[in-house]
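Peer 1: give the three-dimensional model of this entry:
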Amino acid sequence: MCKCLHHQNRKVVPTHTNIRKRGQRRGMQNPIFQIPPETYQQLSDSERHLLDFIYKNLPRMSELSILKLSEEASVSTATIVRLMKKLGFDGYTSFKYSIKNNSHAMEDEPIKASVDTQIREAIRKNELEVIQTIQMLDTRQLEKAIQEIYKASKVYVFARGFSEFIGTELTVKLQLMGKNCEMHNDPNIIRVISRKLVKDDVVLFVSLNGETGELVEACKNFKIKEIPTITLTTRIDSSLARLSDIVIVGYKGEQSFFPEYEVRSRLPLHVLSRVLLDAYVIRLNNH
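Peer 2: Numbers count the residues shown, from 1 in each chain. Reported below is the predicted structural model:
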């Protein structure tokens with residue numbers, strides 16, 4: 001296997017300067033829910049409730065007035081304004097503008113009428129998850145993740161259940177790029193390894209809901225030892241997201257075609273991992 005890039009005196013991968021958008025503060029590129037864990041910790045209970053409501057109703061947000069949102073979410077307009085500012089927007093209007101401005105992709109050619117209605121709904125569900133996930137991406141969190149992976153002496157990928165497929169792909173592709181990387185999915189091994197890692201390592205969690213017990217336990221150990229952690233998830237309010245240093249969040253629809261089983265779509269996580277890998281390759285090639 002190729003030597004890892006850590007041995008190159010921990011150089012930093014070149015990054016692009018963030019573009020400033022009208023209606024947003026400097027450095028905030030359509031953050032929506034990609035807020036740093038430390039910022040999330042500072043949110044009040046009502047602000048967290050509002051954030052969760054917005055997340056679940058994202059497709060409707062561009063059409064809701066601040067008064068209507070206040071009524072439906074059962075929060076004050078002052079709470080809405082405070083949350084918008086913490087998300088990096090000047091106010092609710094600029095937030096709505098950002099949502100509407102980025103939703104044009106959903107208005108492309110309609111799916112052929114000949115397709116069965118239920119199948120169209122299934123297609124729309126997947127389309128929505130992909131588009132909303134891309135809209136929610138925060139390049140700052142992405143850049144931080146790239147830097148941590150680049151300078152780490154070794155990357156550990158932890159995943160369970162269906163998320164293991166994504167973890168395996170991440171691991172193999174990082175190895176192909178010369179990175180010292182290994183993946184674990186066994187709960188006992190994850191617990192043991194979480195007590196043995198050192199600060200030069202970095203850990204990448206892949207978890208749909210961010211509440212898998214052994215992953216949360218491992219992340220607590222890493223936090224105590226100050227080992228950098230990156231999490232790909234669909235829940236910014238999850239235990240894993242709150243504990244992680246870098247959180248990249250995707251959009252998960254509420255509908256499931258297998259409601260009696262815990263086999264929800266990992267499509268948002270696939271999108272996040274693909275973007276992370278592509279961005280890492282780009283930075284590596286630029287270097």
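Peer 1: can you pull the contacts of residue 248?
Peer 2: By Cβ atoms under 8 Å, 6 or more residues apart in numbering, the residues touching residue 248 are 34, 137, 138, 141, 142, 145, 230, 231, 232, 233, 272, 276. Bear in mind the C-beta positions are built from the backbone N, C-alpha and C, glycine included.
Peer 1: neighbour-wise, which of those leads?
Peer 2: Most neighbours among the contacts of residue 248, by other Cβ atoms under 10 Å: residue 232, with 34 neighbours.
Peer 1: in the sheet, who's paired with that residue?
Peer 2: residue 206, residue 248 (DSSP bridges).
Peer 1: surely it meets residue 252?
Peer 2: No. The pair residue 232 / residue 252 is not scored as a contact, 11.9 Å apart, by Cβ atoms under 8 Å.
Peer 1: the contacts of residue 248 in helices, which ones?
Peer 2: 141, 142, 145, 272, 276 (DSSP state H).
Peer 1: pipe those residues into a markdown table and attach distance to residue 58 per row.
Peer 2: As requested, the ones in helices among the contacts of residue 248 are arranged in a markdown table below (distance: Cβ to Cβ, whole Å):
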| residue | distance to residue 58 |
| --- | --- |
| 141 | 18 |
| 142 | 20 |
| 145 | 23 |
| 272 | 16 |
| 276 | 22 |
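Peer 1: any idea which of those is closest to residue 173?
Peer 2: Minimum distance to residue 173 across these is 9.9 Å, recorded for residue 276 (Cβ to Cβ).
Peer 1: my read is that the closest one contacts residue 142, right?
Peer 2: Yes. Using Cβ under 8 Å, residue 276 is in contact with residue 142, at 6.7 Å.
Peer 1: before we move on, the earlier item: in JSON lines, list the contacts of residue 248 along with distance to residue 96 and pLDDT.
Peer 2: Rendered in JSON lines, the data for the contacts of residue 248 read as follows (distance: Cβ to Cβ, whole Å; pLDDT from 0 to 100):
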{"residue": "34", "distance to residue 96": "18", "pLDDT": "59"}
{"residue": "137", "distance to residue 96": "19", "pLDDT": "85"}
{"residue": "138", "distance to residue 96": "18", "pLDDT": "82"}
{"residue": "141", "distance to residue 96": "23", "pLDDT": "91"}
{"residue": "142", "distance to residue 96": "24", "pLDDT": "93"}
{"residue": "145", "distance to residue 96": "29", "pLDDT": "96"}
{"residue": "230", "distance to residue 96": "30", "pLDDT": "97"}
{"residue": "231", "distance to residue 96": "28", "pLDDT": "96"}
{"residue": "232", "distance to residue 96": "27", "pLDDT": "97"}
{"residue": "233", "distance to residue 96": "26", "pLDDT": "94"}
{"residue": "272", "distance to residue 96": "25", "pLDDT": "95"}
{"residue": "276", "distance to residue 96": "29", "pLDDT": "96"}
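Peer 1: those into JSON lines, with extra columns for distance to residue 210?
Peer 2: Output for these, formatted as JSON lines (distance: Cβ to Cβ, whole Å):
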{"residue": "34", "distance to residue 210": "14"}
{"residue": "137", "distance to residue 210": "17"}
{"residue": "138", "distance to residue 210": "17"}
{"residue": "141", "distance to residue 210": "15"}
{"residue": "142", "distance to residue 210": "18"}
{"residue": "145", "distance to residue 210": "16"}
{"residue": "230", "distance to residue 210": "13"}
{"residue": "231", "distance to residue 210": "7"}
{"residue": "232", "distance to residue 210": "10"}
{"residue": "233", "distance to residue 210": "4"}
{"residue": "272", "distance to residue 210": "13"}
{"residue": "276", "distance to residue 210": "17"}
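Peer 1: start and end of stretch 221-233, how far apart?
Peer 2: Using Cα to Cα, to the nearest Å, the end-to-end distance of stretch 221-233 comes to 19 Å.
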